[in-house]
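sequence first, predicted model second:
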Amino acid sequence: MNRTTGRAGHTTWCGRDHRCGLGEHRSDEIVVDVPGRARAVLVRVRTAAGRDHAEVRLRIALAPTEVAARRQLVGLLGDLRQAVTRAAIAARPRPGRAAR
């Protein structure tokens, strides 16, 4: 359950600053940083319609040669497809159970 506070309907995880606007609520960023190699930033977002989302940005250093960089991108795309599919399945209510 995502409780809201009295102040403009902010959730308990909301950053409560300039990131909230146009009816959206946004959490503080969670950053995973591997200096010089990769960076991932995750933000939880609640839209004006009340739907929660995870917003993920990735920056990954690619290999210097075109063939190796393309190989990395193919692997990354496969990993992202698997992660998105897994998250979508987990969010779907199971038959016979009410969505929470």
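Looks like it came in fine.

drop to CA atoms for contacts and neighbour counts, all remaining ones
OK.

in contact with the closest residue to H25 other than its chain neighbours, which residues?
In space, not counting the residues next to it along the chain, H25 is nearest to R46; the distance is 5.1 Å by C-alpha to C-alpha, 6 or more residues apart in numbering. By C-alpha atoms under 8 Å, 6 or more residues apart in numbering, the contact set of R46 is 24-26, 52-53.

averaged pLDDT, stretch 44-64. What do you get?
In this model, stretch 44-64 has an average pLDDT of 91.

pull up the distance across that stretch, start to finish.
33 Å (C-alpha to C-alpha, to the nearest Å).

so which helix or strand of this structure has the lowest pLDDT on average?
The helix or strand of the chain with the lowest confidence, counting by mean pLDDT, DSSP states H and E, is strand 25-26 at a mean of 87.

now V41: which helix or strand?
When elements are assigned from DSSP states H and E, V41 belongs to strand 38-46.

thought D52 was touching R44, still the case?
Yes - with contact defined as C-alpha atoms under 8 Å, R44 and D52 form a contacting pair (7.2 Å).

and those two? Which one has more around it.
More crowded of R44 and D52, by other C-alpha atoms under 10 Å: R44, with 18 against 15.

for the residue in the chain sticking out farthest from the centre, give its distance to Q72.
Among residues of the chain, the one most distant from the C-alpha centroid is T65; the distance is 29.9 Å, by C-alpha atoms, centre = their mean. In this structure, T65 and Q72 are separated by 11 Å, where distance is defined by C-alpha to C-alpha.

remind me which residues of the chain are low pLDDT?
Screening the chain residue by residue with the criterion pLDDT under 70, one finds the ranges 1-10, 15-19, 21, 94, 96-100.

got the domain boundaries for it?
Each structural domain of the chain that the record assigns through automatic domain parsing is listed here as a residue range: 1-61, 62-93.

and the ones you listed, which is most packed in?
domain 1-61 (a mean of 13; mean count of other C-alpha atoms under 10 Å).

what about that one, distance to the chain center?
The gap between where domain 1-61 is centred and where its chain is centred comes out at 8 Å by C-alpha atoms, centre = their mean, to the nearest Å.

check stretch 59-79 too.
21 Å.
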